[in-house]
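J.: Okay, predicted coordinates and the sequence, questions at the end:
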Amino acid sequence: MQFGMQYFPVRGADDDAVQYFNDSLELADEADELGFTHARIVEHYFHRYGGFAPNPLIFLSAVSQRTRRLRLVSGAVLPVFNNPLKLAGEIGMLDAISGGRLDVGLARAFLPHEFRTFKISTDESQARFYEGIEQLHVLLTQRQATHRGQFHTFENVLSLPRPTQQPRPKFFIAATQSPETFEFAGREGHALMAIPIGNIKPLLEIYRKAWKDAGHAGAGEVMIAFHMFCHEDTNKAREISRAPFEDYFIALNECVADWVNGAESRDYKGYQQSMQKLKSATFESQIESGGAWIGSPADIIASIRQCLERIGPFEHASVQVNFGGISLEDARASLRLFCKEVLPHFPD
């Protein structure tokens, strides 16, 4: 298993964006030197939950110039809100700037306020997602690209710059609870991004079975995201991280309130129930379930082993170390201790 860094900003309109990104880049430097393998950042809009990251590729471009080894992972870009012609060119550009270190994570989007503000129906989510993935593949792998879709159409287009990685950067597909998305990612030979909410083991099995049934080599590639805070003292770890962690979930629940309050969409079946369950999540329950790795090195080693027993092996853990208002000093100390005391127990 490899370990990487995930950034998911929870920051408001009056928070210091310069400080947040300076701190985040400092942590990327540290992660690169300590043996982490990737840096990943989300795409969201118009709210303190993720809204500091409307364009992952801009942040990853900065990371590429500060690091030597880290893979740069969009975690994830949202085809529903991006023109594929523009996105393909930006992907090619960052792949070149980074020397071929880009992995392209793609997601459907799930926050009603984003769809509402962009004036796009949530009922178009799946169609736009699958079309966007197909059109990006065509643009990145064909020099004279033609595709006639429901939402975007182009003919004989040369997307520039051409990808540095051939035939194109790897695609990661983000999936949370829809079996169809897990099956699609496996069948098409894409890597997978997931989060440890509920029992995801059957969904990962769907992905790996679809991968195998399609005849792809190996068993697929899975990345799972976790909150992480490591301190020599268990109680101190919880004391420092509790408020930032709880604020993260407060912001998340603010964003999904539309689903809880009755919003419906044929493309998001079951979201009312699953988003309602988020309201019952607590700091303690997330630690107990393995969704948050918080405590002493021994605590976290036990959490990781429990997680592997519960959901099975996976290839990448993407850990969030500066969630909420955790200071750069505390995040850096946590990262260093994790790499010194925890990483050696889980060699790649």
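T.: That came through, no problem.

J.: which outside residues touch the helix or strand containing residue 236?
T.: Secondary-structure element containing residue 236, defined by DSSP states H and E: helix 234-255. With contacts defined as Cβ atoms under 8 Å, 6 or more residues apart in numbering, helix 234-255 is touched by 8, 10, 47-50, 111, 113, 227, 229-231, 260, 278-279, 281, 283, 286-287, 292, 294-296, 299, 323-326, 330, 334. To be clear about C-beta, it is placed using only N, CA and C from the backbone, and glycine gets the same treatment.

J.: Now intersect those residues with the helices, please.
T.: The members of the contacts of helix 234-255 that map onto helices under DSSP state H are 113, 260, 278, 283, 286, 287, 299, 330, 334.

J.: Can you get me a residue count around residue 155?
T.: Neighbour count of residue 155, defined by other Cβ atoms under 10 Å: 9.

J.: ok so, going back, report the two of the ones in helices among the contacts of helix 234-255 separated the most.
T.: 113 and 299 (36.3 Å; Cβ to Cβ).

J.: starting at the chain centroid, how far to stretch 235-255?
T.: Put simply, stretch 235-255 sits 19 Å off its chain's centre (Cα atoms, centre = their mean, to the nearest Å).

J.: which of the contacts of helix 234-255 count as buried?
T.: Buried residues within those, counting neighbours by 16 or more other Cβ atoms under 10 Å: 8, 10, 47-50, 111, 113, 227, 229-231, 260, 281, 283, 286-287, 292, 294-296, 299, 323-324, 326, 330, 334.

J.: Go through those residues and flag which are in strands.
T.: When the buried ones among the contacts of helix 234-255 are checked against strands (DSSP state E), the matches are 227, 229, 230, 292, 294, 295.

J.: Verify the contact between the last one and residue 230 for me.
T.: Yes - judged on Cβ atoms under 8 Å, residue 295 makes contact with residue 230 at a distance of 7.4 Å.

J.: And the strands in this protein?
T.: With DSSP E applied, the chain shows strands at 2-7, 38-41, 71-77, 102-106, 145-148, 153-157, 171-174, 191-194, 222-230, 292-295, 316-320, listed in chain order.

J.: List the buried residues of the third one.
T.: It refers to strand 71-77. So, applying 16+ other Cβ under 10 Å, buried residues of strand 71-77: 71, 72, 73, 74, 75, 76, 77.

J.: Any chance of JSON lines for those residues, columns distance to residue 14 and pLDDT?
T.: As requested, those are exported to JSON lines (distance: Cβ to Cβ, whole Å; pLDDT from 0 to 100):
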{"residue": "71", "distance to residue 14": "33", "pLDDT": "98"}
{"residue": "72", "distance to residue 14": "29", "pLDDT": "98"}
{"residue": "73", "distance to residue 14": "29", "pLDDT": "98"}
{"residue": "74", "distance to residue 14": "27", "pLDDT": "97"}
{"residue": "75", "distance to residue 14": "26", "pLDDT": "91"}
{"residue": "76", "distance to residue 14": "28", "pLDDT": "91"}
{"residue": "77", "distance to residue 14": "27", "pLDDT": "96"}
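
J.: quick one: least confident of the ones in helices among the contacts of helix 234-255?
T.: pLDDT across those is at its lowest for residue 278, which sits at 72.

J.: How far does the helix holding residue 236 sit from its chain's centre?
T.: 19 Å.

J.: Alright, that wraps it up for me.
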